[in-house]
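In: need a 3D model of the sequence below.
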Amino acid sequence: MIKKFIRKILGVKDDGRDPTQAVILGPDEHKIDPRNVSRNAVTVTQTLQEAGFKAFVVGGAVRDLLLGVKPKDFDIATDATPEQVKRLFRRAFIIGRRFQIVHVMFGQDLLEVTTFRGNGSDNAPKDEHGRVLRDNNFGPQHEDAARRDFTINAMYYDPATQTVLDYHGGIEDIRAKTLRIIGVPEARYREDPVRMLRVVRFAAKLGFTIEPTTRAPIPVMAPLIDNVPAARVFDEMLKLLLSGHALACLKELRSAGLHHGLLPLLDVVLEQPIGMKFVTLALESTDGRVKAGKGVSPGFLFASLLWHQVLEKWNAYRAAGESPIPALHLAADDVLETQTENLALQRRIATDMRDIWAMQPRFERRTGKSPYKLLEHPRFRAGYDFLLLRCESGELPGEIGEWWTSFYAAEGGEREALLAAANARPRNGETGTGQKRKRPPRRGPRRSNAEGAASAQGGGEE
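Out: This is a model prediction of the structure:
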């Protein structure tokens, strides 16, 4: 009775189930389609089992299989040690210091194999905030299940017998569309603060509701994310933004109080009509490409998210008397320096962002050879797509985007005619007499700027 009362106070789910005993679900109960299971995953589990070890598909792959979705990645859990796993496969590599795992390669396909973790985390090295720094204690399967983050990620599937092992009621939570952390939420978040980002990502991606006791500590414990290595936070943010539900994820981040220190500018951007529309268009474009199975450039994505911070600083430098182009470079330097500290932006991504931003003033110069030189820029398509987003959001006149769409598609003499027309056109939409010029009727169907950005986001790297 006392244990039940304490578990209730701490918000730990207590349904009377013995956490050392799994509920075993057969094919008729879980309804997993074996055709959705990777052949390489079957090969790995079969090889380990034939060598006398236990081996299961685990985690997000099982969750997706139960939801009727074919997983993109397959993780394997086993009672074999990393060294024992490595010996069984020709292309296998032990990686990781904090948690040792084995990467097993089949061509370009990579599978992660982990050894069941034990409950030795109490003795594992931790920082002053309780974050586990290193933990390679191995143990039985039921302890491994208790070490996993959420109930829906703590199930094991055996392709050989087509059975699912469920230690923490994960199947019930999947059916109820509920995200529930295993154990005491505060302790689990303290062990690994990135779990707070993961619960937001899963909630937005799956359309699940975060169980109240799982959600409650997040706003208070959010500052713990500052103690996580920036590179790891960046990896998690990239997963979140490339989940196919980026806009929903960012809204959930703000709702949970997790945006501070990650992308705090979103508070400002999403409260300004133009900024909000720009970011919304960029994220909708990204989500559309992810769902269509197309590639997305992280450089384009972060350039979009941080653009209005660059724009604000660019305007400030120009107001202080700096020339437009140097002012833009100074603004980009300021933003990248700050965000590199916060998010550990890789140099390649930062370079792509800088190129996209630096091209923007050049799109407004439609004289001489400038447009032709801009077409030759290796990142032209990314810069052009970015320009279309600016026009679509109302930041720039739509006529600029339309002109570049025509110029990009035209050839030879057609481009010369477009340049001549642009140079003959009075500035600021006025006629030579100072009266407002009437806009000519549009010819043919107009291509949506958002469609243009979605068609080749990230520089047409398909």
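In: burial count for residue 367?
Out: Other residues within reach of residue 367, judged by other CB atoms under 10 Å, total 9. The way it works is simple: take the backbone N, C-alpha and C, and place the C-beta from them, glycine included.
In: same check on residue 206?
Out: 18.
In: what's it in contact with, if anything?
Out: Contacts for residue 206 (CB atoms under 8 Å, 6 or more residues apart in numbering) come out as 67, 177, 179.
In: now the second one: how far from residue 208?
Out: Just to be clear, that refers to residue 177. 5 Å (CB to CB, to the nearest Å).
In: also the first one?
Out: From residue 67 over to residue 208 the distance is 10 Å, taken as CB to CB.
In: so which residues of the stretch 201-350 of the chain form helices?
Out: For the stretch 201-350 of the chain, the helices defined by DSSP state H, counting those that start in this stretch cover 212-215, 218-221, 230-241, 246-256, 265-269, 273-291, 298-319, 324-343, 347-359.
In: figure out which of those is closest to residue 399.
Out: Proximity of those to residue 399 was assessed by CB to CB; the nearest stretch is helix 273-291, lying at 17.2 Å.
In: give the buried residues for the closest one.
Out: 275-283, 285-290 (16 or more other CB atoms under 10 Å).
In: before we move on, back to that, between residue 177 and residue 208, tell me which one has more neighbours.
Out: residue 208 (19 against 13).
In: which ones are touching the more buried one?
Out: Contact analysis of residue 208 by CB under 8 Å, 6+ apart lists 152, 177, 178, 179, 202.
In: in the sheet, who's paired with the fourth one?
Out: Beta-bridge partners recorded for residue 179 (DSSP bridges): residue 210.
In: what is the neighbour count of it?
Out: Neighbour count for residue 179, taken as other CB under 10 Å: 24.
In: circling back to that earlier point, can you lay out the helices of the stretch 201-350 of the chain as JSON lines showing distance to residue 40?
Out: Shown next, in JSON lines, are these (distance: least, CB to CB, whole Å):
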{"stretch": "helix 212-215", "distance to residue 40": "33"}
{"stretch": "helix 218-221", "distance to residue 40": "36"}
{"stretch": "helix 230-241", "distance to residue 40": "22"}
{"stretch": "helix 246-256", "distance to residue 40": "29"}
{"stretch": "helix 265-269", "distance to residue 40": "39"}
{"stretch": "helix 273-291", "distance to residue 40": "23"}
{"stretch": "helix 298-319", "distance to residue 40": "27"}
{"stretch": "helix 324-343", "distance to residue 40": "33"}
{"stretch": "helix 347-359", "distance to residue 40": "29"}
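In: can I get these in CSV including mean pLDDT?
Out: Supplementary listing: the helices of the stretch 201-350 of the chain in CSV, determined by pLDDT from 0 to 100:
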stretch, mean pLDDT
helix 212-215, 96
helix 218-221, 92
helix 230-241, 86
helix 246-256, 83
helix 265-269, 58
helix 273-291, 87
helix 298-319, 93
helix 324-343, 88
helix 347-359, 94
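In: out of those helices, which gets nearest to residue 56?
Out: For residue 56, the closest of the helices of the stretch 201-350 of the chain is helix 230-241, at 23.2 Å, according to CB to CB.
In: who are the packing partners of that closest one?
Out: Applying 3 or more CB pairs under 8 Å, 6 or more residues apart in numbering; DSSP states H and E, we find helix 230-241 packed against helix 194-206, helix 246-256, helix 298-319, helix 324-343.
In: tell me the buried residues in the shortest one?
Out: I take that to be helix 246-256. 246, 247, 248, 249, 250, 251, 252, 253, 254, 255, 256.
In: which of those residues sits closest to residue 374?
Out: Relative to residue 374, the closest of the buried residues of helix 246-256 is residue 246; by CB to CB it sits at 28.8 Å.
In: in the stretch 1-150 of the chain, which spans are strands?
Out: Ranges of strands within the stretch 1-150 of the chain are 23-25, 55-58, 75-78, 92-95, 101-106, 109-115, based on DSSP state E, counting those that start in this stretch.
In: done for today, thanks.
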